[in-house]
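Engineer: Make a model of this:
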Amino acid sequence: MLSLAAALTLLTRVFLAAVLVVSAATKATPSGRAAFKRSITELFGARSRGLTSAVLVGTVALELGVAAGLALGVPTQALALLAGSVLFTIFTIVLAPAIARRQRATCACFGALSHRQVGLGLVVRNETLSFAGLAALAVTGPMHVLVVAAILVGLGLYAVQTVALLHVSRGIHTPVPAPARQPFEPPATGVPVPAFDAPGAGPTDVVLAFLSPGCGSCVDAVATVQEIVRGSRLRAVAVIDPSAAHAPELAELRQELADHRVPVAEDADRIVEALDVRAFPSFAVVDARGVVVSSCLGVDGLRELVAFDGRPIG
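Structural biologist: Numbering: from 1, shown residues only. Below is the predicted model:
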């Protein structure tokens, strides 16, 4: 029969392993991959865009590897617990600079299921999971592992304290500006659009309308888009943000599209990735060759694009 300490240690291992498996599984879905890659770009800037796939694969592999070690207790139970605690502290350290700067970025810790902005809550959550593993380790671990664990506790506490102090002090000593519009670029031009299916519309001679359920102006833009393309040779096709597949506002956006008879493209994740779409709403005009010839952010520039590429509107 297991002792109380052994039972609590086993329960902690299983719980931490389950958290890591869910985290890896949600990142591995198409919408989860798109959300995680966008989160990396938001956290580390445009220069990180070429590394997002490698970071995604590495993170998922690391989470699954540590989860397997925790579940099986290999190479030893103590080292498996230590690896889990180290991994959660690494996540804290990665997020700490962005949180301290009050950077606006979406957490994609659980792929498309994560919609919250990075903040102190994520630091507390990660360090709570890390300390849970260390607490179980303190019951069963050998002395040399406990020394490493003590150092890890110190690093975790230091990260939490530093982030909290910087976060609070910036709020006290400097005014928090209103969220500025991010300098996002419109969808890429000169690139072919991956083939897609959309009821009543082909992959050529279309205006791709990139919309997100969490974007209020996206819902309002649907009627305007149909008004703009009416009378031109172009047909509007909606591409819904794949990272927001589980957003509660998705049903409202789909209903608005159905009311205005705007078809929705399948395989949105491939289209968004190919055109490097980072802002919503944004638009791209696709010519008869299936190549993006022009693009813009918001509906303000869409009328001019369609007037030029639609030959003409109205």
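Engineer: domain assignment for this structure?
Structural biologist: With automatic domain parsing as the criterion, the domains of the chain are listed as 4-173, 206-309.
Engineer: Select from these the stretch with the lowest mean pLDDT.
Structural biologist: Here the lowest mean pLDDT among those goes to domain 4-173, at a mean of 76.
Engineer: And the helices in the stretch 201-314 of the chain, which stretches?
Structural biologist: With helices called from DSSP state H, counting those that start in this stretch, the stretch 201-314 of the chain shows them at 216-229, 250-259, 268-275, 302-309.
Engineer: winner for burial among the domains of the chain?
Structural biologist: With neighbours taken as mean count of other CB atoms under 10 Å, these reach their highest mean count in domain 206-309, at a mean of 19. All C-beta spots, glycine's among them, are computed from the backbone N, C-alpha and C.
Engineer: How far off centre is it?
Structural biologist: Relative to the centre of its chain, domain 206-309 is centred 20 Å away, using CA atoms, centre = their mean, to the nearest Å.
Engineer: which residues does Thr224 contact?
Structural biologist: Val299, Leu302 (CB atoms under 8 Å, 6 or more residues apart in numbering).
Engineer: Just want to check the distance between it and Leu211.
Structural biologist: 12 Å (CB to CB, to the nearest Å).
Engineer: how far away is the closest residue in space to Ala135 that isn't next to it in sequence from Phe91?
Structural biologist: Spatial nearest neighbour of Ala135, excluding adjacent residues (CB to CB, 6 or more residues apart in numbering): Thr12 at 7.4 Å. In this view, Thr12 and Phe91 are 18 Å apart by CB to CB.
Engineer: again, but for Leu56
Structural biologist: Distance from Leu56 to Phe91, by CB to CB: 14 Å.
Engineer: these two touch, right, Thr106 and Leu113?
Structural biologist: No. Assessed by CB atoms under 8 Å, Thr106 is found out of contact with Leu113, at 11.4 Å.
Engineer: could you pull out the strands for the protein?
Structural biologist: With DSSP state E, the ranges of strands along the chain come out as 206-211, 235-240, 282-286, 292-297.
Engineer: Give me the helices and strands touching the last one, please.
Structural biologist: Using 3 or more CB pairs under 8 Å, 6 or more residues apart in numbering; DSSP states H and E as the contact test, the elements touching strand 292-297 are strand 282-286, helix 302-309.
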